[in-house]
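Asker: Sequence first, predicted coordinates after that:
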Amino acid sequence: MTIVEPDADGLRRAVELLRQESVVAFPTETVYGLGAHAFSEKAIAEVYRLKNRPSWNPLIVHVSGVAEARGLAERWPDVANELAAQFWPGPLTLVVERARHLGAVGPRLDTIALRVPAHEVALKLLEASGLPLAAPSANRSEGISPTTAEHVLRGLPDVPLILDGGPASLGIESTVLDLTGETPRLLRPGALGLRDLREVTGAIALPDEVVDGAVRSSPGMGARHYAPRATVILAKDVREVEHGDLTGPVAVLSYESVEDFSDELVAEVLSADPREYAADLYAALHRLDDAGVGTIIVQAPPETEEWLAVRDRLRRAAA
Ligand code: TXA
Ligand code: MG
C-alpha cells in the first residue's frame, strides 16, 4: 500500500491498476472514494471485500460528465438534465433507471446512482482511465468516512494505491436524490443542501427517517454508520450528561465552546456554521479515536434544515 502524489506517474499507476480490475483510493470534494471499474465483477467484489460492505448495499458510479452519465441510464429525465447543469461537477448523486444492457453494480437493482465529482484529481482519473468508477467512501463499512489519504491508509491498509489530493474540502458525503418516481426523493442528506435543490426541482419527498428516525430509505442508510470506535452520546446540553458510568477518557465535541469543563476532558470545538462544521466533522472524529477516547459527548446541532446532513451522520454515529 502506498500514498502517491497525483502527478503523471501517480495517475498512470492508478489507471493501470483500474484496468487490471484492481482498486484505487482517490480524493473527491466530499470524502475519499475506493474506486473500481464499475462493470468489472472482479473489481467490485474486491471493493465489497476490502470494506466488509454488505452485498445488498449498492455503490455510486462516478463519471466524467453528463454525457457519460446519460450513457449509463435507461431514461434520463429532464430534471436530471437541469440538476446536472446546475450542480455537476459537485456533491449530488442522482439515482435513475440503469441502462438495460449494463450489469448491476453490486446488488441486482434496476437503478444506478451517478455523480460527477468536483475534484481535479478524480476528474483526471476518470478521464485518463476512460472508465466509469464505482466508488464508495474508502473506509470499513459502518466506520468514519476518510477525508484525507492518511485516514484511508489507517482504515484500509490493504488498498494497493491511494492518490493523495489533500484534505477533502466539503468533508461530508454527496446528497443522494432518487429521480425514478413522480417526485424527486431524498435518499441521503449530504453536502448539497435541500434549499439549493428545491430551486431546481420544486418539492422533494423526504425519507420518513428524516422525520421520525426509524425507517430505512436508501439501502445503505442502516441505523449505525459513520461511527467511531468510541461510544457517541448526543446531548442538547453537554454539561448535563452524568460522567459517572461513562467509559473514559471522555471527550466533548461541540459547535460552541463549553465553559466549566474539567481540564481532563478532551474537547473539539467545531464551527457554528453547518458547512464548516461538516468539513471538519470526520477529521475530528478520527482525531478523537486516535486519542483513544472511550466516550464522545456531542452537542446536538440545531434542528434546522441547514444542519440536516450533519444531524443525520451524528445520529447514526450514536446509534
Ligand atoms: O460523496 C459521496 O457520495 C462519496 C464519494 C466517494 O463520492 N461516496 C459515497 O459512497 O458516499 P457510499 O457507498 O459510501 O454511499 C453510497 C450511498 C449509499 O447510501 C447507497 O445505498 C446509495 O448511495 N446508493 C447507491 N446506489 C444506489 C441505488 N441504485 N439506489 C439507491 N441508493 C443507492
Ligand atoms: Mg460510506
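Answerer: Ah, there it is. Residues are numbered from 1 along each chain as shown. Ligands and ions are numbered 1, 2, ... in the order given.
Asker: And the pLDDT at residue 210?
Answerer: Note on residue 210: pLDDT of 56.
Asker: Quick check: which ranges of the stretch 1-150 of the chain have low pLDDT?
Answerer: Along the stretch 1-150 of the chain, the model assigns pLDDT under 70 to residues 1.
Asker: show me where it has helices.
Answerer: 8-19, 41-51, 66-71, 78-87, 120-129, 149-155 (DSSP state H, counting those that start in this stretch).
Asker: wait, which of those helices is closest to residue 98?
Answerer: Residue 98 sits nearest to helix 66-71 of all the helices of the stretch 1-150 of the chain, at 11.2 Å, using C-beta to C-beta. Yep, even glycine has a C-beta here, placed from its N, CA and C like the rest.
Asker: For the stretch 51-200 of the chain, which residue gets nearest to ligand 1?
Answerer: Residue of the stretch 51-200 of the chain nearest ligand 1, by C-beta to the nearest ligand atom: residue 136 (2.8 Å).
Asker: residue contacts, that residue?
Answerer: Residue 136 is in contact with 33-34, 47, 51, 53, 59-60, counting by C-beta atoms under 8 Å, 6 or more residues apart in numbering.
Asker: ok, 6 Å please
Answerer: 34, 59 (C-beta atoms under 6 Å, 6 or more residues apart in numbering).
Asker: Now do it against residue 52, distance only.
Answerer: 11 Å (C-beta to C-beta, to the nearest Å).
Asker: Any idea how far apart the tips of stretch 84-94 sit?
Answerer: Counting by C-alpha to C-alpha, to the nearest Å, you get 9 Å between the two ends of stretch 84-94.
Asker: is any part of it close to ligand 1?
Answerer: Yes. Using C-beta under 6 Å from any ligand atom, stretch 84-94 reaches ligand 1 at 91, 93.
Asker: List of residues touching that stretch?
Answerer: 30, 60, 66, 80, 113-118, 170, 174-177, 179, 191-192, 200.
Asker: Can you narrow the residues you listed down to the ones near ligand 1?
Answerer: 30, 60, 113, 117, 174, 176.
Asker: a markdown table please, covering these and showing neighbour count and distance to residue 308.
Answerer: Putting those into a markdown table (neighbours: other C-beta atoms under 10 Å; distance: C-beta to C-beta, whole Å) gives the following:
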| residue | neighbour count | distance to residue 308 |
| --- | --- | --- |
| 30 | 29 | 15 |
| 60 | 24 | 19 |
| 113 | 26 | 19 |
| 117 | 28 | 21 |
| 174 | 28 | 14 |
| 176 | 23 | 13 |
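Asker: Could you list which of the residues you listed belong to strands?
Answerer: Counting by DSSP state E, the part of these found in strands is 60, 113, 176.
Asker: how close does residue 294 sit to residue 249?
Answerer: Residue 294 is 6 Å from residue 249, by C-beta to C-beta.
Asker: Get me the contact residues on the chain for ligand 1.
Answerer: Proximity of the chain to ligand 1, by C-beta under 6 Å from any ligand atom, involves residues 28, 30-31, 33, 57-60, 91, 93, 95, 109, 111-113, 117, 135-137, 173-174, 176, 187-188, 218-221.
Asker: In ChimeraX, select just the buried ones from those.
Answerer: Of the residues of the chain next to ligand 1, the buried ones go into a single ChimeraX selection, burial set by 16 or more other C-beta atoms under 10 Å:
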select :28,30,31,33,57,58,59,60,91,93,95,111,112,113,117,135,136,137,173,174,176,187,188,218,220,221
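Asker: Please identify which helix or strand holds residue 268.
Answerer: strand 266-269 (DSSP states H and E).
Asker: Name every strand pairing with that strand and say which way it goes.
Answerer: strand 250-254 (parallel) (DSSP bridges).
Asker: any idea how far the strand it pairs with is from the chain center?
Answerer: Chain-centre distance of strand 250-254: 23 Å, with C-alpha atoms, centre = their mean, to the nearest Å.
Asker: go on, stretch 201-210?
Answerer: Relative to its parent chain, stretch 201-210 has a centroid offset of 19 Å by C-alpha atoms, centre = their mean.
Asker: What of stretch 67-79?
Answerer: For stretch 67-79, the distance to the chain centre is 23 Å (C-alpha atoms, centre = their mean).
Asker: Ends of that stretch, what's the gap?
Answerer: 15 Å.
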